[in-house]
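K.L.:
what follows is a predicted protein model with its sequence.
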Amino acid sequence: MRRAGVVLAAALLGMMLSLSPTASRADEPSDAAAPRAAAPADTAATTSSDESCKPRLAEWSLRFAGGLNPENVIQYYALHATFGFPFWQSADRWFSGHGMTARWEMEPWAAYVVDHHGIHQTASFEIGLSPLFGKILFGDWRLRPFIEGGEGIMYTDLRKQRFGTPINFSSQFGAGLEYEIRPGLDFTFAARIRHMSNAGLASSNPGVNTYFGLVGLTFR
């Protein structure tokens, strides 16, 4: 599970680096073969390229989540928000040319976690942030599939389950569908699997796998 999240994040990062504005300018023969423009035009092009690298919010979403850890019967209820940013212009062109849309996302969440079958039966909570999160949408239809995944950090008082520390890390991967209700507004459904553990910060590190679904709206 952790490996899937790491692979997706690493793949997106590697693709971003390979498609950086510097690399793309070196690889684009059309720009090199084109007649040299006047100095003001070159300056404007450089400014435009720099502007394309500035982060801007392309979409955001709010989703409600519900799921279960089947091994320990831990119930998971959460509110997830995502803030999606495009890659730079050359990377966006590459994805668009292959019928895809890619986003780097930051995802904060807060969850209510209920455990009636564990070592210490309890109602707990968790809060977290996934700063290394990627999403790829396929096609340009009204109903579009997507995959998403990445890495995050979280605080939880489920340490009563022998986590050893309240600070844990999450690796998650999922897929879903977006349906366009109207331009700029999509209904989103997704399913994920998430692995949570403390990555060896404490001697006790049992880890928990949670399977959950998410339903919400995406705004663009």
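P.N.:
Right, received. Where do you want to start?

K.L.:
for this protein, which spans come out with low pLDDT?
P.N.:
Along the chain, the model assigns pLDDT under 70 to residues 1-54, 118-120, 159-162.

K.L.:
can you tell me the centre-most residue of it?
P.N.:
In the chain, the centroid-proximal residue (CA atoms, centre = their mean) is residue 133; its distance is 2.7 Å.

K.L.:
and it, what does it touch?
P.N.:
Counting by CB atoms under 8 Å, 6 or more residues apart in numbering, residue 133 touches 9, 82, 104, 105, 106, 107, 148, 149, 150, 151, 152. In this view, the C-beta of every residue, glycine as well, is placed from N, C-alpha and C.

K.L.:
in the sheet, who's paired with it?
P.N.:
As for beta bridges, residue 133 partners with residue 105, residue 150 under DSSP bridges.

K.L.:
ok, it to residue 170 distance?
P.N.:
Here the criterion is CB to CB, to the nearest Å. By it, residue 133 lies 10 Å from residue 170.

K.L.:
show me what counts as buried in stretch 56-65.
P.N.:
Residues 58, 59, 61, 63, 65 are the ones in stretch 56-65 that count as buried (16 or more other CB atoms under 10 Å).

K.L.:
among the residues you listed, which ones are in strands?
P.N.:
When DSSP state E is applied, those are split such that 59, 61, 63, 65 fall in strands.

K.L.:
surely the first one touches residue 219?
P.N.:
So the one you mean is residue 59. Yes. In this structure, residue 59 is within contact of residue 219 by CB atoms under 8 Å, at 6.5 Å.

K.L.:
all strands of the chain, in order?
P.N.:
Under DSSP E, the chain gives strands at 59-69, 74-85, 100-115, 122-138, 143-156, 167-182, 185-197, 208-219.

K.L.:
how about CSV for the ones you listed, with distance to residue 94 added?
P.N.:
What follows is these, written out as CSV (distance: least, CB to CB, whole Å):
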stretch, distance to residue 94
strand 59-69, 19
strand 74-85, 16
strand 100-115, 9
strand 122-138, 12
strand 143-156, 17
strand 167-182, 21
strand 185-197, 23
strand 208-219, 23
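
K.L.:
doesn't residue 155 make contact with residue 127?
P.N.:
Yes. In this structure, residue 127 is within contact of residue 155 by CB under 8 Å, at 5.5 Å.

K.L.:
and residue 109, how many neighbours does it have?
P.N.:
Residues near residue 109, counting by other CB atoms under 10 Å, number 20.
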